[in-house]
Structure formats: structure tokens, C-alpha cells
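Enquirer: Predicted model and sequence below, questions to follow.
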Amino acid sequence: MNIHEYQAKKLLFNYGVNVTRGQVAHSVIEAEQAAEALGCESWIVKAQIHAGGRGKGGGVKFARTLTEVREQAERMLGMNLVTHQTGESGKLVQKVYIQEAYNIGKEFYLGIVLDRRLEMPVIMASTEGGVDIETVAVETPEKIIKVGIDPIIGLQSYHLRKLAYGLGLDKDQMKEFSKFIPPLFEAYLKTDASLVEINPLVLLKNGEFIALDAKLNFDDNALYRHPEIAALRDESEEEAAELEAARYELSYVKLDGNVGCIVNGAGLAMSTMDIIKQEGGEPANFLDVGGNASAETVARGFELILRDKNVKAILVNIFGGIVRCDRIANGILEAARLIHVQVPVIVRLDGTNAAEAGEILKEASIKQIIIARDMREAAQLAVQAAKGDRV
Ligand code: GDP
Ligand code: MN
């Protein structure tokens, strides 16, 4: 789960992290009041959306006067902000964060994530702050310093020294850096965060380090332990189809390709996406209809997938264990009838009652439904169909 910058800053502040002073506003009037209450000389008005790259998209603006704060808030609220992380459709700005403007000395990048290969959290730091860290990682990976923190040992001063040396900090800066990091790392651990990203982490002219931006992601499976964090969820920022899927207990993630997938079991769903890619296609989604998929869940799956206008073909890949394939076949027919599936549906059913299922589908003889012998053939047919080739 993702939260807004203003929420992340408030949470980090409670752990003792040095964050910017600021306040969220839902309207132009609130924005002006917030700016006045902060009582500073100049402000930064920042659009609050669940995406980065706001600066370049026009969602981070400097304001010298209260009038300018008002003007910027008026411009941003209700605007559709497009950044490299939102996709073309952009995101509606419903809130702005009014922040004191700071005198930046130097910008750094700082991130904490779980490194699955090292099996421990890793703190990443770079002198290339403020910019796209993904670009730095590709073009100049040596500029990202990574330090793994063994959970049994915990964060130690030598970890901090290693990071500070890597960043080329002098003695005084290192002292300040060593004050900044521990509460941030504690917040990462205690909140079950999956990502903490401070970009930029700023060295102010007065020698202090401060989080100018803050991004926090949380492990969904740990949210039950943190009701106060779960309450920060902003559903209006999330993919509508994903929210609906969650209500039906379907595990759905929208992707950018054009081959829709309906699969039972997360592992089979992953390998289905892999095989689509191997055959030169791009999956439109991840969808696990669960171990005891019914005709109804399959129908719901079709509905969700077909809302995505990119979808040109659907691959149904079901392995019948507890699930009986004949039931799924009936589900496919019912769904095809109810929601007028227009795109080709390639079906691979294997396992319990697969033969009966094949008979049911053949007998129905619906022209969009194509039966594949195995998973490889199913992927090939689906990719071809999505390209518009006749199958
Ligand atoms: P993002 O573009 O969505 O990552 O938004 P950020 O919060 O990182 O802001 C983008 C950029 O605006 C930062 O990298 C800074 O260069 C600049 N910025 C933000 N706040 C301030 C501030 O208080 N003072 C100055 N001088 N620049 C700021
Ligand atoms: Mn940023």
C-alpha cells in the first residue's frame, strides 16, 4: 500500500525523522490558511498524488507571497497531473501540501528496501539526488552505494560510516547524517514498510539533513498489524479494477500489455505471464482466481479484464485440482453469454475432468472460444490473436 507525501512525512516525524514543515490543504482557502499558519517567508506548493516526478510535471511550485500560494493551489487542485510515473492518463490532484521553502545546499538520494537476494534490508544512497534514480541505476550504477543491514546485528555506526564515506561527506556532515538515518531505519522496520524513499534528502545551508520528499510503501500482508497505517489508504488513488477485484477476493494487478489472463493459483499465473512474454506478447494483467475458482469467479475475471480497452485476447489457463475443469468450462460459456465477450478466448484446461470440459466447450461451438492442447500452444495462440492474426 502506498500513501501520500504529507502522510509519510507526518509518520516519519513521529519517529523523530527531520522532515519539512508543512500542512495538507483540500481547497484554495485551506492552502492560504496553511501558508499563513506556517508563518514562513516563502513556500513550496506540492500536488499530492500517488506518483513521483511531480516536479517536472508542474506539480511542485515555489511561492513568494500568499497570493502566489493561492494561485498555485488554484491551478493544481482539480488538475490532471501527468508525470512519467502516472502514465498518459495522469492523476487528479485533490490535495496540495503547503510546505516551508528551504535553502538547499545539496541534494542526495536515500532509499531503504528489502533485498531479497541478500535476505536483508538495504540502505541505498547516492549523490545523484533529486533526479530519476532509475536512470542513475542504469547509466551510472557505481554512484549508488548499498549497505545491507543484517537484522540480527541491526543498524550500526559502521554502516553509517560506509554510506557517509561513499557520499563523500566531511566530518560535520557525517555527524548530521548519522543523526538523520537511525530514526528513518527504525520507521522502516516498525511500520513493516516495503520501501522508504527520500528523494531528495537535502543537506541544508545550515548543515542539517532534512527529508524534502518522502515516499513510503507498506507490505499489504502486514497491514493487519497497523490499523493506523491501513486507515491512511486513499482508495481514490488506486486502480478501480484492482479495488473491485479485492472485494471479490480475486488477486488482480493491471499491467500494460494486451493479452488478458485468467489463471488459478499465483504460481501458474506468474508462469502464464512468463510464457506469454516468451512467445513475444505482453500480458495485460496478473489474475489469480484462487484455488477453488467457480464459474462465478471466472465470470468476474472476464468482467474485470474486459474493462481494460487494451485487451485484444484472453488466455484462460486453469489446472484442475480441487477445481473441476467442467465447472470452469461452464463458467466460461456463461461469462461469454452474459458479458458478450468480443475478443478471442484461448482456453487451456488440464487436470480433473479436463476431457469433459473439452467436450462442453466443443459442443457449445462459440467461435471466439479456441481450445488449446497445452500451455505453450495456448500462449502462442493468445499472442497471435492479440496481434490481430487469425488463429
Ligand atoms: P517529485 O518531483 O514528485 O519527486 O517531488 P519532490 O518533492 O522531490 O520535489 C521536486 C524538486 O523540487 C526537488 O528535487 C527539489 O529540487 C525541488 N524542491 C522541493 N522543495 C523545495 C524547497 O523547499 N526548496 C527548494 N529550493 N527546492 C525544492
Ligand atoms: Mn522526489
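Expert: Thanks, I have the structure now. Ligands and ions are numbered 1, 2, ... in the order given.
Enquirer: Ala51 should be in a helix, yeah?
Expert: No: read with DSSP: H, G, I helix; E, B strand; the rest coil, Ala51 is coil and lies in no helix.
Enquirer: Let me see the confidence value for the nearest residue to it once chain neighbours are set aside.
Expert: Closest residue to Ala51 in three dimensions, ignoring its sequence neighbours and counting by CB to CB, 6 or more residues apart in numbering: Gln85, at 4.0 Å. In short, each C-beta sits where N, CA and C put it, glycine included. In this model, Gln85 is scored at 88, pLDDT.
Enquirer: Wait, Gln85 touches Lys56, no?
Expert: No: assessed by CB atoms under 8 Å, Gln85 is found out of contact with Lys56, at 10.3 Å.
Enquirer: What ranges does the stretch 1-150 of the chain have for its helices?
Expert: 5-14, 28-38, 54-57, 66-76, 133-139 (DSSP state H, counting those that start in this stretch).
Enquirer: Buried residues, the first one. List them.
Expert: If you call a residue buried by 16 or more other CB atoms under 10 Å, then helix 5-14 has these buried ones: Glu5, Tyr6, Gln7, Ala8, Lys9, Lys10, Leu11, Leu12, Phe13.
Enquirer: With stretch 189-196 instead?
Expert: For stretch 189-196, by 16+ other CB under 10 Å, it's Thr191, Asp192, Ala193, Ser194, Val196.
Enquirer: In CSV, list the C-alpha atoms belonging to stretch 23-36.
Expert: Output in CSV follows, covering the C-alpha atoms of stretch 23-36 (Å, rounded to 0.1, in the frame of the first residue of the first chain):
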residue,chain,number,x,y,z
GLN,A,23,0.4,21.1,6.0
VAL,A,24,-2.1,19.5,3.7
ALA,A,25,-4.9,21.5,2.1
HIS,A,26,-8.0,20.4,0.3
SER,A,27,-9.0,23.8,-1.0
VAL,A,28,-7.6,27.1,-2.0
ILE,A,29,-8.8,28.7,1.3
GLU,A,30,-7.2,25.9,3.3
ALA,A,31,-4.0,26.4,1.3
GLU,A,32,-3.8,30.0,2.1
GLN,A,33,-4.6,29.4,5.8
ALA,A,34,-1.9,26.7,5.9
ALA,A,35,0.7,29.0,4.4
GLU,A,36,-0.2,31.8,6.9
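Enquirer: Mind checking the pLDDT average for it?
Expert: 97.
Enquirer: which residues are in contact with it?
Expert: Here stretch 23-36 makes contact (CB atoms under 8 Å, 6 or more residues apart in numbering) with 4, 6, 22, 37-38, 43, 45, 48, 63, 66, 69-70, 73-74, 77, 94-98.
Enquirer: With that, I have no additional questions.
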